[in-house]
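[1] model this:
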Amino acid sequence: MNISAADVKKLRDATGAGMMDCKKALIEAEGDFDKAVDILRIKGAAKAAKKAGRGTGEGIVYSYIHHNERVGVLLELNCETDFVARTEDFHELAKQISLQIAAMKPRWVKREDVPEEVIAKEKEIYTEEMKDSGKPEHIVEKIVENKLNKFFEDNCLLEQEFVFADEKGTKIKDLITSAIAKIGENIQVSRFARFEIGE
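    Below you'll find the predicted structure:
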């Protein structure tokens, strides 16, 4: 199969993957661009999973102040080396995550950070809401579980859908996974603080 350099460049521009990876993906996909994108995403997620256990002792504290100067964000984003911490790609990722925090007001980084008492209280509220529904207990449990997942999606940064994504359904954790695959190092959001006048 003849894959042109223009096709490889187009795929690289769209995904940020290396030239050889793009060429291999296009060959595997028999020239189908969308299929090649999917192949690279799967491989990227696999690469990211391999790096997930590696230490992230370097990074940056990124600051974002909204143009009206009423909202500000401080974000600690970590990686493995100070070399990566200084790259444009890493700073762009920090900016995107900070914009998300400013816009969507997450309360925690990930669901594991949500205090047990908060989860218990939410479950109690959802169960109480369903009390007089007449639905069987196992259905009520499923509904409560779904509502709890929605709570995590609304309040945990990594679970939130990226508001500025080109593709619907892209979560912040997907954004980070793509960056890990592209940059080649483990990346973690350690913490953030969001400030808003009057809050």
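
[2] give me the buried positions along stretch 180-196.
    Neighbour-count burial for stretch 180-196, counted by 16 or more other C-beta atoms under 10 Å, picks out 180-183, 185-189, 192, 194. Bear in mind the C-beta positions are built from the backbone N, C-alpha and C, glycine included.

[3] which stretches in the protein count as helices?
    Secondary structure of the chain by DSSP state H: the helices cover 5-15, 19-28, 33-51, 82-85, 88-104, 116-130, 137-155, 172-183.

[4] please point out which parts of the fourth one sit buried.
    Across helix 82-85, burial judged by 16+ other C-beta under 10 Å covers 84-85.

[5] shift numbering so it begins at 8
    In the new numbering, first residue 8, that becomes helix 89-92.

[6] what's in contact with it?
    Outside helix 89-92, the residues that touch it by C-beta atoms under 8 Å, 6 or more residues apart in numbering are 65-67, 86, 97, 190-192.

[7] quick check: the farthest pair among those?
    Within the contacts of helix 89-92, I67 and G191 form the most distant pair, 17.3 Å apart (C-beta to C-beta).

[8] so how far is stretch 17-37 from its chain's centroid?
    22 Å (C-alpha atoms, centre = their mean, to the nearest Å).

[9] contacting residues around the residue lying closest to S105 once chain neighbours are set aside?
    Residue nearest to S105 in three dimensions, not counting chain neighbours: Y71, with 3.8 Å by C-beta to C-beta, 6 or more residues apart in numbering. By C-beta under 8 Å, 6+ apart, the residues touching Y71 are 79-80, 82, 102, 105-106, 108-109.

[10] what is the nearest of those residues to A12?
    If you rank the contacts of Y71 by distance to A12 using C-beta to C-beta, K102 comes first, at 31.0 Å.

[11] out of the contacts of helix 89-92, which is nearest to D139?
    G66 (50.0 Å).

[12] bridged to that closest one, which residues?
    N85 (DSSP bridges).

[13] hmm, it is touching N193, no?
    No: counting by C-beta atoms under 8 Å, G66 does not reach N193; the two are 10.6 Å apart.

[14] which residues do the two both contact?
    What both G66 and N193 touch, as defined by C-beta under 8 Å, 6+ apart, is the set C86.

[15] related to what we said a few turns ago, tabulate the helices of the chain (a markdown table), appending distance to K117 and mean pLDDT.
    Output for these, formatted as a markdown table (distance: least, C-beta to C-beta, whole Å; pLDDT from 0 to 100):
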| stretch | distance to K117 | mean pLDDT |
| --- | --- | --- |
| helix 12-22 | 25 | 76 |
| helix 26-35 | 29 | 79 |
| helix 40-58 | 15 | 67 |
| helix 89-92 | 21 | 89 |
| helix 95-111 | 13 | 95 |
| helix 123-137 | 13 | 88 |
| helix 144-162 | 9 | 90 |
| helix 179-190 | 8 | 86 |
